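Mind folding the following:
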Amino acid sequence: MPLKVQLSINPISNPNNNKKAKKKKNTELEKLLDFYGKPTTVEYDRETFSAPADVSIHETRLEWKGFKSLLFEEMKGFSLQKLALQFFKSEAKCVTFPNIKTLLSIAMVLPMSTATVSFSYMKQIKNRLRNRLQPSSLSKLMMIAIEGPQLDEVNFDAVLSLWKSIKPRRILL
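A predicted model of the protein is given here:
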């Protein structure tokens, strides 16, 4: 569910003009509201503790209508991280959309990977040609693949010059 939570808020994965995407997005929002919009009770050591709901279901639906237009007008093409950064920098947006702020905060702290995603990336990284990777190397490569920057955000010239400056290389680039 964490990845779907983030995709439901992510403007890149939600095209504005696709009716199927709108319906799916609303389904994901309803799942979020079903989970975070209800009070929770926990029983521990024969005592029951209750906590109020994280967000108001009705108010969140109303906020979502206004926030959706904001996503596709001001923040179109932003990654989820950039969206959150711009959103939290604006005091007016945080005050206008308090429930969306809560859901966005939750989405940013949920783990990005699940077991199926991890195994999918592991299969791509540790293939038959690279089957002797050390666990630490595999872990670092998977972290880059799952949570690293998008390829269009990477300055490959800077990476290459840094790699060349680390130690002398046999091949001149």
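
Now do the domain split for the protein, please.
Listed by automatic domain parsing, the domain ranges of the chain are 2-109, 115-166.

how far out from the middle of the chain is the shortest one?
Spelled out, it's domain 115-166. 19 Å (Cα atoms, centre = their mean, to the nearest Å).

how about the strands in the chain?
40-44, 47-51 (DSSP state E).

ok, back up a step: could I get the domains of the chain in JSON lines, plus columns for distance to Leu172?
C-beta: built from backbone N, CA, C; applies to glycine. Below are those laid out as JSON lines (distance: least, Cβ to Cβ, whole Å):
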{"stretch": "domain 2-109", "distance to Leu172": "36"}
{"stretch": "domain 115-166", "distance to Leu172": "9"}
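
Can you tell me which of these is most buried?
domain 2-109 (a mean of 15; mean count of other Cβ atoms under 10 Å).

on that earlier part again, make a markdown table from the domains of the chain and add mean pLDDT to it.
Listed next are those as a markdown table, based on pLDDT from 0 to 100:
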| stretch | mean pLDDT |
| --- | --- |
| domain 2-109 | 75 |
| domain 115-166 | 82 |
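
Output the strands of the chain in TSV, with distance to Met143 appended to each entry.
As requested, the strands of the chain are exported to TSV (distance: least, Cβ to Cβ, whole Å):
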stretch	distance to Met143
strand 40-44	31
strand 47-51	32
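
right, and the ones you listed - which one's nearest Lys126?
Proximity to Lys126 (Cβ to Cβ) singles out strand 40-44 among these, at 39.0 Å.

Direction included, what does the closest one pair up with?
When pairs are called by DSSP bridges, strand 40-44 turns out to pair with strand 47-51 (antiparallel).

which one of the strands of the chain lies closest to Leu133?
strand 40-44 (41.2 Å).

How far does that closest one sit from its chain's centre?
28 Å.

For that strand, output the C-alpha coordinates as PDB.
Provided in PDB are the C-alpha atoms of strand 40-44 (Å, rounded to 0.1, in the frame of the first residue of the first chain):
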ATOM      1  CA  THR A  40      -8.200   3.700  16.000                       C
ATOM      2  CA  THR A  41      -8.400   1.600  19.100                       C
ATOM      3  CA  VAL A  42      -5.600  -0.600  20.400                       C
ATOM      4  CA  GLU A  43      -5.900  -3.100  23.200                       C
ATOM      5  CA  TYR A  44      -2.700  -3.500  25.300                       C
END
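
And the contacts of it?
Residues outside strand 40-44 that contact it (Cβ atoms under 8 Å, 6 or more residues apart in numbering): 48-51, 53.

repeat that with 7 Å
48-51 (Cβ atoms under 7 Å, 6 or more residues apart in numbering).

same deal with stretch 129-141?
Residues outside stretch 129-141 that contact it (Cβ under 7 Å, 6+ apart): 125-126.
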